[in-house]
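Q: Following is a predicted model, sequence given first.
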Amino acid sequence: MKSLYQPGHSIVHKASVGYKLAMLTALLATLLIIPKTAELATTALLLTHGLFFVSGFSIRRMLETLAQLKFLLVIVLIPQVYFFGLKQGLVNFEVTITGILLAILFTATTKTSDLVSLLEKLFRSKSLALLIALSLNSIPLVAAISKGIVEAGKARGVRIRPVRQIINLFVISLKQADDYAEALAARGVQI
């Protein structure tokens, strides 16, 4: 399985998994609890950019990661604008992007094995720890599937249609999830 983890020597890489998980939880909770204003959303996004920089990742790397998730971002943006209006919808979308980037930064600076060990200790369940780790590592898998769908369409000369791509992404992702479930069951993991 492809992982988002990128080896490095930054202070964020060297921080303990427990500390990083606690900080991620605190930051995401803060984003949920505090009223969402344009100032908060912009400040949070700028601080997240700073965390990427401190971690040794370029802004380009962060933008490339978001570009790989463009269909997910569109699925998030449309309901926000529809239900909350353009201004508040864009603010909510910016806060959502910040949350996604924080989660990506966490997985990019944390080894999956370290995360599984911590979660296994916290929940006293190896199955739950594996489930969470698989969920986190599914992000690059979905991004790779999405990229493959686009490339396959271009190779065939098919016009890109977002609805068709989303349906293909959904079907292929479900098949991949079924394959994961079978592989885990074959190894005796009950989820």
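A: Thanks, I have it.
Q: What backbone torsions are found at the closest residue to Ile160 other than its chain neighbours?
A: Of all residues not flanking Ile160 in the chain, Gly153 sits nearest, at 5.8 Å (CB to CB, 6 or more residues apart in numbering). The way it works is simple: take the backbone N, C-alpha and C, and place the C-beta from them, glycine included. As for Gly153, its main-chain torsions (degrees, to the nearest 10) stand at phi -60, psi -40.
Q: average model confidence for the stretch of helix or strand Glu94 belongs to?
A: Assigned by DSSP states H and E, Glu94 falls within helix 70-108. Average pLDDT, helix 70-108: 89.
Q: and the residue in the chain sticking out farthest from the centre, how far is that from Arg61?
A: Distance to the chain centre peaks in the chain at Gly157, reaching 30.2 Å (criterion: CA atoms, centre = their mean). Applying CB to CB, to the nearest Å, the value for Gly157 to Arg61 is 31 Å.
Q: Same question for Arg159.
A: Distance, Arg159 to Arg61, using CB to CB: 30 Å.
Q: Who has more neighbours out of these two?
A: Comparing Arg159 with Arg61 by other CB atoms under 10 Å, the one with more neighbours is Arg61, at 15 against 7.
Q: Next up, phi/psi of the more buried one, please.
A: With angles defined as degrees, to the nearest 10, Arg61 sits at phi -60, psi -40.
Q: Same check on Leu69?
A: In terms of degrees, to the nearest 10, the main-chain angles of Leu69 are phi -100, psi 20.
Q: got a list of what it touches?
A: 100, 139, 142-143, 146 (CB atoms under 8 Å, 6 or more residues apart in numbering).
Q: 6 Å instead?
A: Ala143 (CB atoms under 6 Å, 6 or more residues apart in numbering).
Q: residues in contact with Ile104?
A: Here Ile104 is in contact with Thr65 (criterion: CB under 6 Å, 6+ apart).
Q: Tell me which stretches of the chain form helices.
A: Applying DSSP state H to the chain gives helices spanning 11-14, 17-33, 38-54, 59-68, 70-108, 112-123, 126-156, 162-186.
Q: Before we move on, what's the pLDDT of the nearest residue to Leu72 once chain neighbours are set aside?
A: The shortest distance from Leu72 to any residue other than its chain neighbours is 7.5 Å, reached at Val142 (CB to CB, 6+ apart). The model reports Val142 with a pLDDT of 78.
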